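# Would you be able to build a 3D model of this:
(chains A and B)
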Amino acid sequence: MNTYYAANLLIFAGVDIIACLALNLQFGVSGIVNFSFIIFQAAGAYAAAILSMPPDSAPDYSFQIYFGGYQLPFPIPWIGGAIAGGLLALPVGLVVLRRLRADYQAIALLVTSIIANTVINNARPLLNGAAGLALVPQPLQDQVDTNTHAYQYLYIGLTAICVAIIWFISARIVNSPYGRSLRAMRDNELAATALGKNPSALKMTMFIVGGAIAGLSGAILVGFLQVWAPSTWLYPETIILFAAVIVGGRGNNVGAILGALLVPVGFEEVTRLLTRMNVGPPQLIPALEWICIGLFILGFLWFRPRGVAPEPRHVFPGAPVTEDTHWVEGAHAS
Amino acid sequence: MSLLIAAFGFGLVSMSVIALAAVGFTMQFGITNMINLAYGEVMIASAYLAYYVNQAGVSIWIAMLGGAAFGAVFSFLINRFVYAPFQRKGTALLGMVIVSLAVSLMIANGMLPIVGYFSVAYRERFSHLLRIGAIALTVNQIVIIVLAVAVMLAIHALLRYTRLGKAMRATAANPTLARNCGIPTQRVIDVVWLITGGLCGLAGVVAALDSDSFTIASGAGFLITALAAAVLGGAGQPYGAMLGAVIIGLITELSAAVWAPDYKQVVAFGILVLVMLLRPQGLLAKRGALAAAG
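Below you'll find the predicted structure:
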């Protein structure tokens, strides 16, 4: 196992963990079925790319068309990516989250994801259309030679720092009184409203926070991959993350991390292994991978809806009623 | 001006295709309380089945019936073996949306090794051009319009004038009450899946024929337009879906004439966003044949 392979694995794992933590805040803790999650990661990636790239008139970059190109030094593209994710969440959330019923919200977000991809794919002058952006500069590449092992370790370290920060933030949110309000809204929106909580504001906040974290994950990913195109953020990518959170245990940060390691990372590795072993026709393995992800979702929702690492029950000593955490299974469904 | 009239002609075709897809989708939601996000993939699966039958030398109009039958059986089976068990288990609406999206993913990828990534087309995709004033439509397109009108009338007759239709409306309005009144709701729901699945399959073949060539990736686009029409009319309302189809079909074709054809779906999406902002319950909510789900 060489350093590049290890770096690849660890950085993808870090990005998936950050993304799953964000999705867990939205889906697991707050009950927002954000089927457009991947567009926030994409927004972060595009923002980080145009913040770090030179203008498209630069000699090496003239084969692509994009706006911006600010050549800003390292931490700014990543911060910009997070801001872009959060900013995108604002209009989407304002349209979708305020008046619609929860199931309408889910399908509206799914449609948003598909359409956003169509638009970026077809509007070439915006972000180079279907071909996407290439030659995105890596962070700190002027200071450190990117072709060394040391740089790989550096990138792993930067990713790890981000994972730690995001985990800390997520843990703070989940364990705070605010997190309790979110869970109350998820488990019974009507009751939470009756207690004076404002579901629209709670959802909006988590949508923006989750969007910003997703944006950061995109920025980390694009700095490593150096390319970003519409084909990397099709809507099924969101479903993988959903599978991860469901398998890991929604509502539980540890579950989200476990899910990220089991589903996106695990599947990636198994697929890579099988492809290298030349089992079956080349199209078959990726297709089977997706079918397995579907089966994972169905299987877990059926047999173990609370995941491998279930959300701890938040029952307080002396509480007259036990908390109902079976919201997706629908213990109180009509 | 003649450009707009020509676009109106295409709008008639578009609305026919959308109406066929949207009515099935909305009836599934209204009667069985299931937002079936696998609808677009069942459409494309039926379109491919018709394609293989068509390649074997059968006329597309007969292959279309095969596609409809396939869609009916396939939808019925999906409900029997996936959706219904989850619903019986008490899975809430949101959970069902995730289940149907997972099913959609599995259908698309199950088909992929069989049909491949390449675009295919039916043999009869070209036909004579007929001109009525500034409107120029092919014979295929006119048949599609006639077919859609006939199917819409049949749906209307089914819901209004038959015992089955009455039972469907009762089941949609209040399943428990319907069951207590002696309506075999389980069997009604099975029949609904067969009928709407048939519509779904038919719509898939028609949409594939209308768009000249299609690929495995077309399913998402089919789903979006059907969804937009259904939500615009008020989800769960067959007449609303018809109205939604008329509006979306016309506006997308007119926009394609004056703006860019690449953005038809984006225009449909824009309409959807407006509806969600201004009238989330849809145009015909509470006035159509079926009550709102819930």
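
# can you map out the helices along the stretch 101-250 of chain A?
For the stretch 101-250 of chain A, the helices defined by DSSP state H, counting those that start in this stretch cover A:102-122, A:124-127, A:149-175, A:177-187, A:189-194, A:199-225, A:236-248.

# Format those as CSV; extra columns: distance to chain B, mean neighbour count and mean pLDDT.
Backbone N, C-alpha and C define where each C-beta goes, glycine included. Formatted as CSV, the helices of the stretch 101-250 of chain A follow (distance: least, Cβ to the nearest Cβ, whole Å; neighbours: other Cβ atoms under 10 Å in any protein chain shown; pLDDT from 0 to 100):
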stretch, distance to chain B, mean neighbour count, mean pLDDT
helix A:102-122, 4, 22, 88
helix A:124-127, 11, 15, 83
helix A:149-175, 20, 17, 94
helix A:177-187, 10, 19, 93
helix A:189-194, 12, 13, 91
helix A:199-225, 13, 25, 95
helix A:236-248, 6, 25, 93
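
# So for residue B:5, which of these sits nearest?
Closest to residue B:5 of the helices of the stretch 101-250 of chain A, according to Cβ to Cβ: helix A:102-122, at 27.0 Å.

# contacting residues for the closest residue to residue B:170 other than its chain neighbours?
With Cβ to Cβ, 6 or more residues apart in numbering or on different chains as the criterion, residue B:170 has its nearest non-adjacent residue at 4.1 Å, and that residue is residue B:178. Residue B:178 makes contacts with B:167, B:170, B:171, B:185, B:188, as judged by Cβ atoms under 8 Å, 6 or more residues apart in numbering or on different chains.

# Mind checking which of those residues are buried?
B:167, B:170, B:171, B:185, B:188 (16 or more other Cβ atoms under 10 Å in any protein chain shown).

# got a list of contacts for stretch B:115-125?
If you take Cβ under 8 Å, 6+ apart as the criterion, stretch B:115-125 is touched by A:283, B:48, B:50-51, B:54-55, B:59-60, B:63, B:140, B:208-209, B:212-217.

# Name the residues of it that come out as buried.
B:115, B:120, B:122, B:125.

# In TSV: those, plus pLDDT and secondary structure.
Converted to TSV, these look like this (pLDDT from 0 to 100; DSSP: H, G, I helix; E, B strand; the rest coil):
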residue	pLDDT	secondary structure
B:115	88	helix
B:120	92	strand
B:122	91	coil
B:125	75	coil
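
# between those residues, which is closest to chain A?
residue B:115 (10.1 Å; Cβ to the nearest Cβ).

# What separation do you get for that closest one and residue B:89?
33 Å (Cβ to Cβ, to the nearest Å).

# next one: residue A:145
In terms of Cβ to Cβ, residue A:145 sits 57 Å off from residue B:89.

# Neighbour count: those two, which is higher?
residue B:89 (13 against 8; other Cβ atoms under 10 Å in any protein chain shown).

# any idea how far that one is from chain A?
Counting by Cβ to the nearest Cβ, to the nearest Å, the gap from residue B:89 to chain A is 7 Å.

# same deal with residue B:102?
From residue B:102 across to chain A, the span is 4 Å (Cβ to the nearest Cβ).

# dump the residue contacts of that residue.
Applying Cβ under 8 Å, 6+ apart to residue B:102 gives the contacts A:239, A:243, A:293, A:294, A:297, A:298.

# Mind doing that once more with 7 Å?
Residue B:102 is in contact with A:239, A:294, A:297, A:298, counting by Cβ atoms under 7 Å, 6 or more residues apart in numbering or on different chains.

# What about these, which one has the most neighbours?
residue A:297 leads the contacts of residue B:102 on contacts (other Cβ under 10 Å) with 25 neighbours.

# Can you list phi and psi of that residue for me?
phi -60, psi -50 (degrees, to the nearest 10).

# Next one, pLDDT for residue 148 please.
Since no chain was named, I'll use chain A. Per-residue pLDDT puts residue A:148 at 84.

# that's the wrong chain, I wanted chain B
pLDDT, residue B:148: 96.

# do the same with residue B:289
Residue B:289 is assigned a predicted lDDT (pLDDT) of 39.

# what does residue B:226 give?
Listed pLDDT for residue B:226 reads 90.

# Isn't it up against residue B:26?
No: the pair residue B:226 and residue B:26 does not pass the contact test of Cβ atoms under 7 Å, sitting 8.3 Å apart.

# hey, where'd the helices end up in the stretch 151-294 of chain B?
B:163-173, B:175-180, B:185-210, B:218-233, B:238-258, B:264-278.

# Oops, could you answer that again for the stretch 1-150 of chain B instead?
B:2-32, B:39-55, B:60-78, B:84-88, B:93-115, B:139-161.

# residues near residue A:292, how many?
The local packing count at residue A:292 equals 18, with neighbours defined by other Cβ under 10 Å.

# do the same with residue B:64
By the criterion of other Cβ under 10 Å, residue B:64 has 26 neighbours.

# Which positions in the one helix or strand residue A:6 maps to come out as buried?
Per DSSP states H and E: residue A:6 is located in helix A:3-23. Applying a neighbour-count criterion of 16+ other Cβ under 10 Å, one finds A:7-23 buried in helix A:3-23.

# ok, the closest residue in space to residue B:145 that isn't next to it in sequence - how many residues close by?
Excluding the flanking residues, the one nearest residue B:145 by Cβ to Cβ, 6+ apart is residue B:16, at 4.8 Å. Each residue near residue B:16 was counted by other Cβ under 10 Å, and the total is 26.

# same deal with residue B:42?
Residues near residue B:42, counting by other Cβ under 10 Å: 29.

# re the thing from before, and the direction of the helix holding residue A:6 versus that of helix A:236-248, what angle?
Put simply, helix A:3-23 runs at 80 degrees to helix A:236-248, going by axes from the mean of the first three to the mean of the last three Cα atoms, to 10 degrees.

# Averaged pLDDT, helix A:3-23. What do you get?
92.

# and that helix, is it in reach of chain B?
No: shown here: helix A:3-23 not in contact with chain B (Cβ under 7 Å from any Cβ of the partner chain), separated by at least 12.3 Å.

# is it true that residue B:134 touches residue B:4?
No: counting by Cβ under 7 Å, residue B:134 stays clear of residue B:4, with 8.6 Å between them.

# re the thing from before, looking at the helices of the stretch 151-294 of chain B, which is buried most?
helix B:218-233 (a mean of 27; mean count of other Cβ atoms under 10 Å in any protein chain shown).

# Would you mind measuring from residue B:84 to chain A?
From residue B:84 across to chain A, the span is 13 Å (Cβ to the nearest Cβ).

# what does residue B:155 give?
23 Å.

# How about residue B:124?
Residue B:124 is 29 Å from chain A, by Cβ to the nearest Cβ.

# Close to chain A: what parts of chain B are there?
Near chain A, when you scan chain B using Cβ under 7 Å from any Cβ, you find B:35, B:37, B:82, B:90-95, B:97-99, B:101-103, B:105-106, B:109-110, B:112-113, B:220, B:224, B:227, B:262, B:265-266, B:269, B:272-273, B:276-277, B:280, B:294.

# if we can go back for a sec, of the contacts of stretch B:115-125, which count as buried by neighbour count?
Buried members of the contacts of stretch B:115-125, counted by 16+ other Cβ under 10 Å: B:48, B:50, B:51, B:54, B:60, B:63, B:140, B:208, B:209, B:214, B:216.

# Surely residue B:210 touches residue B:18?
No: using Cβ under 7 Å, residue B:210 makes no contact with residue B:18, being 10.0 Å away.

# Stretch B:241-249: how far from the chain's middle?
Distance of stretch B:241-249 from its chain centroid, counting by Cα atoms, centre = their mean, to the nearest Å, is 11 Å.

# which residues of the stretch 1-150 of chain B score low on pLDDT?
Applying pLDDT under 70 to the stretch 1-150 of chain B picks out residues B:1.

# for the closest residue to residue B:247 other than its chain neighbours, what are its contacts?
Using Cβ to Cβ, 6+ apart and skipping residues adjacent in sequence, the residue nearest residue B:247 is residue B:232, 6.3 Å away. Residues near residue B:232 by Cβ under 7 Å, 6+ apart: B:244, B:247, B:248, B:271, B:272, B:275, B:282, B:283.
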